[in-house]
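Novice: Okay, sequence plus prediction incoming.
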Amino acid sequence: MPLGQVELALRVIAGLFVIVAPTLLFLGLWRGLEAMRDDELIQQAHQRAEMQDQSPTGPDWPVDVLTDAEASLLSETKMSVVTCDTCGTPNMQDASYCQSCLTELEESV
(Lines give C-alpha, C1' and ligand atoms only; values in the text may rest on other atoms or scores of the structure.)
Protein backbone atom coordinates (compact mmCIF):
# COMPACT_ATOMS: atom_id res chain seq x y z
CA MET A 1 0.00 0.00 0.00
CA PRO A 2 1.52 3.34 -0.99
CA LEU A 3 2.05 6.06 1.60
CA GLY A 4 -0.82 8.22 0.24
CA GLN A 5 -3.37 5.45 0.75
CA VAL A 6 -2.16 4.77 4.32
CA GLU A 7 -2.46 8.46 5.13
CA LEU A 8 -5.96 8.54 3.63
CA ALA A 9 -6.98 5.44 5.60
CA LEU A 10 -5.69 6.98 8.86
CA ARG A 11 -7.56 10.21 8.15
CA VAL A 12 -10.81 8.30 7.48
CA ILE A 13 -10.36 6.29 10.68
CA ALA A 14 -9.64 9.48 12.68
CA GLY A 15 -12.71 11.17 11.14
CA LEU A 16 -14.94 8.23 12.02
CA PHE A 17 -13.57 8.24 15.55
CA VAL A 18 -14.27 11.97 15.92
CA ILE A 19 -17.85 11.44 14.70
CA VAL A 20 -18.69 8.19 16.51
CA ALA A 21 -16.84 8.58 19.85
CA PRO A 22 -18.92 11.48 21.27
CA THR A 23 -22.14 9.69 20.39
CA LEU A 24 -21.01 6.52 22.13
CA LEU A 25 -19.84 8.48 25.16
CA PHE A 26 -23.19 10.28 25.35
CA LEU A 27 -25.13 7.02 25.13
CA GLY A 28 -22.93 5.48 27.81
CA LEU A 29 -23.50 8.48 30.09
CA TRP A 30 -27.25 8.31 29.46
CA ARG A 31 -27.42 4.64 30.38
CA GLY A 32 -25.26 5.19 33.44
CA LEU A 33 -27.57 7.97 34.64
CA GLU A 34 -30.62 5.76 34.05
CA ALA A 35 -28.99 3.01 36.10
CA MET A 36 -28.31 5.42 38.98
CA ARG A 37 -31.83 6.92 38.96
CA ASP A 38 -33.64 6.43 42.24
CA ASP A 39 -37.39 6.34 41.59
CA GLU A 40 -38.26 6.17 45.29
CA LEU A 41 -36.34 9.37 45.98
CA ILE A 42 -38.16 11.13 43.14
CA GLN A 43 -41.53 9.95 44.47
CA GLN A 44 -40.67 11.18 47.97
CA ALA A 45 -39.67 14.59 46.62
CA HIS A 46 -42.95 14.86 44.68
CA GLN A 47 -45.00 13.85 47.73
CA ARG A 48 -43.14 16.33 49.95
CA ALA A 49 -43.75 19.14 47.44
CA GLU A 50 -47.45 18.29 47.21
CA MET A 51 -47.76 18.21 51.01
CA GLN A 52 -46.12 21.66 51.30
CA ASP A 53 -48.41 23.07 48.60
CA GLN A 54 -51.50 21.75 50.41
CA SER A 55 -50.46 22.66 53.96
CA PRO A 56 -52.75 25.24 55.61
CA THR A 57 -49.82 27.12 57.12
CA GLY A 58 -48.34 27.76 53.70
CA PRO A 59 -44.81 27.17 52.48
CA ASP A 60 -41.80 26.80 54.76
CA TRP A 61 -39.90 29.87 53.59
CA PRO A 62 -39.15 32.57 56.16
CA VAL A 63 -41.70 35.38 56.36
CA ASP A 64 -40.99 38.84 57.76
CA VAL A 65 -43.86 39.47 60.15
CA LEU A 66 -44.53 42.86 61.70
CA THR A 67 -44.28 42.69 65.46
CA ASP A 68 -46.70 44.64 67.63
CA ALA A 69 -43.96 47.18 68.38
CA GLU A 70 -43.34 47.71 64.67
CA ALA A 71 -47.07 47.99 64.02
CA SER A 72 -47.45 50.62 66.73
CA LEU A 73 -44.43 52.44 65.30
CA LEU A 74 -46.14 52.47 61.92
CA SER A 75 -49.33 53.85 63.42
CA GLU A 76 -47.32 56.57 65.20
CA THR A 77 -45.83 57.66 61.88
CA LYS A 78 -49.35 58.04 60.44
CA MET A 79 -48.99 54.99 58.17
CA SER A 80 -52.09 52.86 57.94
CA VAL A 81 -52.01 49.27 59.09
CA VAL A 82 -54.45 46.63 57.88
CA THR A 83 -55.06 43.66 60.15
CA CYS A 84 -55.57 40.25 58.57
CA ASP A 85 -59.05 38.84 59.25
CA THR A 86 -57.71 35.27 59.28
CA CYS A 87 -54.69 35.41 61.57
CA GLY A 88 -54.73 38.95 63.02
CA THR A 89 -51.29 39.93 61.73
CA PRO A 90 -50.83 43.66 61.11
CA ASN A 91 -49.83 44.43 57.50
CA MET A 92 -49.03 47.64 55.67
CA GLN A 93 -52.05 49.21 53.95
CA ASP A 94 -50.72 48.75 50.41
CA ALA A 95 -50.18 44.99 50.94
CA SER A 96 -52.40 42.71 48.85
CA TYR A 97 -51.69 39.53 50.82
CA CYS A 98 -51.04 38.84 54.49
CA GLN A 99 -47.34 38.36 55.14
CA SER A 100 -48.03 35.66 57.71
CA CYS A 101 -50.73 33.41 56.27
CA LEU A 102 -50.76 34.66 52.64
CA THR A 103 -54.52 35.16 52.48
CA GLU A 104 -55.77 37.99 50.30
CA LEU A 105 -56.42 41.15 52.28
CA GLU A 106 -59.59 43.17 51.81
CA GLU A 107 -59.01 46.52 50.17
CA SER A 108 -59.86 49.38 52.49
CA VAL A 109 -61.48 52.39 50.84
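Specialist: Okay, I see it. Not measured: the values here are computed from a predicted model.
Novice: For the rest of this, base every contact and every neighbour count on C-alpha atoms.
Specialist: Fine.
Novice: all helices of the chain, in order?
Specialist: 3-36, 39-54, 68-76 (DSSP state H).
Novice: for this structure, what helix or strand is lowest in average pLDDT?
Specialist: helix 68-76 (a mean of 59; mean pLDDT, DSSP states H and E).
Novice: Next, format the helices of the chain as JSON lines and append mean neighbour count.
Specialist: Output for the helices of the chain, formatted as JSON lines (neighbours: other Cα atoms under 10 Å):
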{"stretch": "helix 3-36", "mean neighbour count": "11"}
{"stretch": "helix 39-54", "mean neighbour count": "11"}
{"stretch": "helix 68-76", "mean neighbour count": "13"}
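Novice: Indicate which one of those is closest to residue 103.
Specialist: Nearest to residue 103, of all these, is helix 39-54, at 13.9 Å by Cα to Cα.
Novice: Could you dump the helices of the chain into JSON lines with distance to residue 83 added?
Specialist: Converted to JSON lines, these look like this (distance: least, Cα to Cα, whole Å):
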{"stretch": "helix 3-36", "distance to residue 83": "51"}
{"stretch": "helix 39-54", "distance to residue 83": "24"}
{"stretch": "helix 68-76", "distance to residue 83": "10"}
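Novice: Pick out the shakiest of these, pLDDT-wise.
Specialist: Here the lowest mean pLDDT among the helices of the chain goes to helix 68-76, at a mean of 59.
Novice: Report the contact partners of the closest residue to residue 106 other than its chain neighbours.
Specialist: Of all residues not flanking residue 106 in the chain, residue 96 sits nearest, at 7.8 Å (Cα to Cα, 6 or more residues apart in numbering). Counting by Cα atoms under 8 Å, 6 or more residues apart in numbering, residue 96 touches 104-107.
Novice: and of those, the nearest to residue 40?
Specialist: residue 104 (36.7 Å).
Novice: If we ignore the residues flanking it in sequence, what's nearest the closest one?
Specialist: Setting aside the residues directly before and after it, residue 104 is nearest to residue 97 in space (Cα to Cα, 6+ apart), at 4.4 Å.
Novice: Please consider this matter closed, and thank you.
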